[in-house]
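K.L.:
what follows is a predicted structure for the sequence shown.
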Amino acid sequence: MRSGGGYRRDAGSFIGDLASASTSRPSPESFASCYSSLAASGATGIVSIHLSRELSGTVESALTAAAQAPVPVEVIDSRSIAMGLGYPVLAAARAAASGASLEAVTSAARRCMETTQTFFYVDTLDYLRRGGRIGTAASLVGSALMIKPLLHIVDGHISLLEKVRTSSRAIARLEDLAVRAAGEGPVEVAVQHLGARERAEALAERLPKRLAGLVELRVVELGAVIGAHVGPGTLGLTVMSCDF
């Protein structure tokens, strides 16, 4: 359901202190319990989709549990985060709801992964450096020069894409990257943020004017797990091609 502003909005807002936050992967036992519960509820197969194994050990925990699950489990490394993970999950859920086989549901998720790109802006690289998600050298250069970094997900890694001098230029460039990634075909776009709702909604208001093939636009707030590694003020864009 679209809101009055022409796009979906998330319902909540982040409250918390990320300065000393840390994260840990779910245990294999947690996945085993989930898989067993689903099987007991009648599931004959499970597609288990997770954030990039280059950023978390979650996939390894899922694989360990899947080996002992009472039904077949397909564990998928999304090679991404946030809505880069969310769109493949939605594609798989739609396929499953239509009665598709385990193989077809898995294929739907993988096809979606291939057509999804994620870009984001962070106010500081300190959170990524502290969590080991980006190199110390890149972080120190960014801090010393007061650079506003634009990043993207490449082969499951967070990688520095461009360096911009001001936050306003960085956000404008983020918009340009989304337009380039969208091309001329139909796309779904998610604007993601952490404690930056006004900037996210301003960006969301501009995008329909530049994306002729826009099918759906969402504005969502990042969860605390991702937030602990990117920090407040983060603004991200995920573009998913619908033409598959």
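P.N.:
Arrived safely, thanks for sending. All values derive from a computational prediction rather than experimental measurement. Numbering: from 1, shown residues only.
K.L.:
could you check how far stretch 212-226 is from the centre of its chain?
P.N.:
Distance, stretch centre to chain centre, for stretch 212-226: 9 Å (CA atoms, centre = their mean, to the nearest Å).
K.L.:
what about the strands in this structure?
P.N.:
Secondary structure of the chain, counting by DSSP state E: strands at 8-9, 46-50, 73-77, 116-121, 148-154, 157-164, 187-193, 214-221, 235-241.
K.L.:
which secondary structure elements does the second one contact?
P.N.:
Right, strand 46-50. With contacts taken as 3 or more CB pairs under 8 Å, 6 or more residues apart in numbering; DSSP states H and E, strand 46-50 sits against helix 28-40, helix 58-66, strand 73-77, helix 82-97, helix 102-114. All C-beta spots, glycine's among them, are computed from the backbone N, C-alpha and C.
K.L.:
can you list the residues that contact stretch 68-78?
P.N.:
If you take CB atoms under 8 Å, 6 or more residues apart in numbering as the criterion, stretch 68-78 is touched by 32, 35-36, 38-39, 43-53, 59, 62-63, 65-66, 84-85, 88, 102, 105-106, 109-110, 113, 156.
K.L.:
filter those residues down to the buried ones, ChimeraX style.
P.N.:
Here is the ChimeraX selection string for the buried members of these, based on 16 or more other CB atoms under 10 Å:
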select :32,35,36,38,39,43,45,46,47,48,49,50,51,52,53,59,62,63,65,66,84,85,88,102,105,106,109,110,113,156
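K.L.:
poorly predicted segments of the protein, please.
P.N.:
1-24, 127-146, 224-231, 243-244 (pLDDT under 70).
K.L.:
what is the neighbour count of Pro208?
P.N.:
Counted with other CB atoms under 10 Å, residues neighbouring Pro208 total 14.
K.L.:
what residues are bridge-paired with the nearest residue to it once chain neighbours are set aside?
P.N.:
Spatial nearest neighbour of Pro208, chain neighbours left out: Leu214 (5.6 Å); criterion: CB to CB, 6 or more residues apart in numbering. Taking DSSP bridges as the rule, Leu214 bridges to Val187.
K.L.:
how near is Leu214 to Ser241?
P.N.:
Counting by CB to CB, to the nearest Å, the gap from Leu214 to Ser241 is 12 Å.
K.L.:
and for the two, which residues touch both?
P.N.:
In contact with both Leu214 and Ser241: 182, 186-187, using CB under 8 Å, 6+ apart.
K.L.:
distance to Gly236 and neighbour count added to those residues, as TSV?
P.N.:
Output for those, formatted as TSV (distance: CB to CB, whole Å; neighbours: other CB atoms under 10 Å):
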residue	distance to Gly236	neighbour count
Ala182	15	23
Pro186	21	16
Val187	15	24
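K.L.:
adding distance to Thr124, write these out as a markdown table.
P.N.:
As requested, the shared contacts of Leu214 and Ser241 are exported to a markdown table (distance: CB to CB, whole Å):
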| residue | distance to Thr124 |
| --- | --- |
| Ala182 | 28 |
| Pro186 | 35 |
| Val187 | 30 |
